[in-house]
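Peer 1: task: produce atomic coordinates for the following.
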Amino acid sequence: MTSTARDIRFDGDLERVRSWASDLEENTMQQALTSARCEAVSGPIALMPDAHWGMGATVGSVIPTESAIIPAAVGVDIGCGMIAVETDLDASGLPDNLGPILRGIGKTIPAGFNRHYKTQNTALDWLAKNPLSTDLELKSQATSKMGAQLGTLGGGNHFVEVSIDERDKVWAVLHSGSRGIGNILAREHIAAARTLCGQLERALEDRDLAYFLDTDPGFNSYIKDMLWAQDYALENREQMMNALLEVIRSEVGRPVKELRRINCHHNYTERETHDDRELWITRKGAIRADVGDMGVIPGSMGTNSYIVSGLGNPESYRSAAHGAGRRYGRKAAKRAFDVATFEAAMEGRMWQKSKAKELLDESPMAYKDIAAVMDDQASLVQIEHELHAVVNYKGTK
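Peer 2: Now for the predicted structure:
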């Protein structure tokens, strides 16, 4: 199936949004149109097939700006993304009982609100080489967790998985971001942008679309902190992946070689050239999918994930979806679904079944159909491998 953008036109012939979504809620489209009308935006917004309502800007949107940046469009989990490693291990090499792998992950990778009891040497080394030099006046407790949280998973939709592809090859996969420090930096800059826009009486339909122009003092301050948080998130995934591979090696009882590693953001912004224009391309819940770019697109904890290569579609700013996208908010999901249905959807996987009630808002039913998402973006990415998770671990309280 070949998909094309479903162009949405607003206010005469002025194109505002290009959408690849066949399953789109009305409030999501209205939010995207609101974002597109923001004076800081310098062209049509690209709406990915997993798009859903978010804070300020739509999750699953790609937003071009030329001389401005919208901190809330990047989001509060700066640099959140996916990492996947293809191993030389075949499915037959995994133990019949996957419980020890699940328990090993829980012991090795702190998750939820947990952090390393003692900051790891790898974290200390990275922070020594990449110190945070922010213009913000952060409280000491805001930065005290940086080392202890580097190499930790967090909660929500973040996860660790051991998966098998269509060739019976074993993959290690995980999803996480910049943890507490990224959240703190993001919220401080979002608040500063709101204050500035209020002081300068810049018109905003939604205060979460507050922005910095590149002539504002806050612009470079935000860019510096954002880039640091993106690097922190990238390193966070690297350290957890190394720990995950050690768990797998320990439980299979033999060396497991890493064949390739893919580590990509899906909440970030960077300077790129499109149509001969230098733009900031903000991907909030979207991955870069230029020709040759490799990406990891997860479904939900009960559905498959995909290793993809980009097709470089210029209409989407060479971008693609970051996952399945939520259909139900967390509270709505807990009202709508029951544990028995959740457990049935997770059949055939090793997971934290004893935590089913707590994880109900992350059940597969709370998300859109990942197969439909992949069909919708056939013009954006090519599927290289389809992964079926046999072990799933998530952060809980």
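Peer 1: and the helices in the stretch 201-350 of the chain?
Peer 2: 217-252, 330-336, 339-345 (DSSP state H, counting those that start in this stretch).
Peer 1: tell me the most buried of the ones you listed?
Peer 2: Among the helices of the stretch 201-350 of the chain, the stretch with the highest mean neighbour count (mean count of other CB atoms under 10 Å) is helix 217-252, at a mean of 20. For every residue, glycine as well, the C-beta is placed using N, CA and C.
Peer 1: what's the mean pLDDT across stretch 89-102?
Peer 2: Taken as a whole, stretch 89-102 has a mean pLDDT of 97.
Peer 1: buried ones in it?
Peer 2: 89, 94, 98, 101-102 (16 or more other CB atoms under 10 Å).
Peer 1: cool, and stretch 135-143?
Peer 2: For stretch 135-143, the neighbour count (16+ other CB under 10 Å) marks 142-143 as buried.
Peer 1: now the longest strand seen in the chain against helix 217-252, angle please.
Peer 2: Among all segments of the chain classified by DSSP state E, the strand with the greatest residue count is strand 381-394. Here the directions of strand 381-394 and helix 217-252 differ by 70 degrees (axes from the mean of the first three to the mean of the last three CA atoms, to 10 degrees).
Peer 1: what is strand 381-394 packed up against?
Peer 2: Packing partners of strand 381-394 (3 or more CB pairs under 8 Å, 6 or more residues apart in numbering; DSSP states H and E): helix 99-108, strand 159-164, strand 169-176, strand 294-297, strand 305-310.
Peer 1: quick check: what element follows the longest one along the chain?
Peer 2: Just to be clear, that refers to helix 99-108. helix 121-129 (DSSP states H and E).
Peer 1: any weak-confidence spans in the stretch 251-397 of the chain?
Peer 2: In the prediction, the stretch 251-397 of the chain carries no residues with pLDDT under 70.
Peer 1: recalculate using a threshold of 80.
Peer 2: By pLDDT under 80, the low-scoring segments of the stretch 251-397 of the chain are 397.
Peer 1: same check on the stretch 51-200 of the chain?
Peer 2: Applying pLDDT under 80 to the stretch 51-200 of the chain picks out residues 56, 140-141.
Peer 1: tell me who's in contact with Asn130.
Peer 2: Contacts for Asn130 (CB atoms under 8 Å, 6 or more residues apart in numbering) come out as 228, 231-232, 235.
Peer 1: and of the residues you listed, the nearest to Tyr328?
Peer 2: Tyr232 (30.5 Å; CB to CB).
Peer 1: could you find the closest non-adjacent residue to the closest one?
Peer 2: Leaving aside its sequence neighbours, Tyr232 sits nearest to Ser178 (CB to CB, 6 or more residues apart in numbering; 5.0 Å).
Peer 1: check the gap between the one you found and Asn130 for me.
Peer 2: Taking CB to CB, to the nearest Å as the measure, Ser178 falls 12 Å from Asn130.
Peer 1: what residues are shared contacts of those two?
Peer 2: Shared contacts of Ser178 and Asn130, counting by CB under 8 Å, 6+ apart, come down to Tyr232.
Peer 1: ok, back up a step: columns pLDDT and distance to Ala332 on top of the contacts of Asn130, output as CSV?
Peer 2: Shown next, in CSV, are the contacts of Asn130 (pLDDT from 0 to 100; distance: CB to CB, whole Å):
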residue, pLDDT, distance to Ala332
Trp228, 98, 35
Asp231, 98, 35
Tyr232, 98, 32
Glu235, 98, 35
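Peer 1: what about stretch 217-231, distance to the chain center?
Peer 2: 18 Å (CA atoms, centre = their mean, to the nearest Å).
Peer 1: one more: stretch 379-397?
Peer 2: Stretch 379-397 sits 12 Å away from the centroid of its parent chain (CA atoms, centre = their mean).
Peer 1: got it, and stretch 201-212?
Peer 2: With CA atoms, centre = their mean, you get 24 Å for stretch 201-212.
Peer 1: go on, stretch 15-29?
Peer 2: 20 Å.
Peer 1: what residues sit buried inside that stretch?
Peer 2: For stretch 15-29, the neighbour count (16+ other CB under 10 Å) marks 16-21, 23-24, 28-29 as buried.
Peer 1: from those residues, which two are the most distant?
Peer 2: Largest pairwise distance in the buried residues of stretch 15-29, by CB to CB, is 19.9 Å, between Arg16 and Asp23.
Peer 1: so Glu256 sits against Asp90, correct?
Peer 2: Check again: residue 256 is Val, not Glu. No: checked against CB atoms under 8 Å, the pair Val256 and Asp90 is beyond contact range at 10.7 Å.
Peer 1: hey, what's in contact with both of these two?
Peer 2: By the contact definition CB under 8 Å, 6+ apart, Val256 and Asp90 are jointly contacted by Val170.
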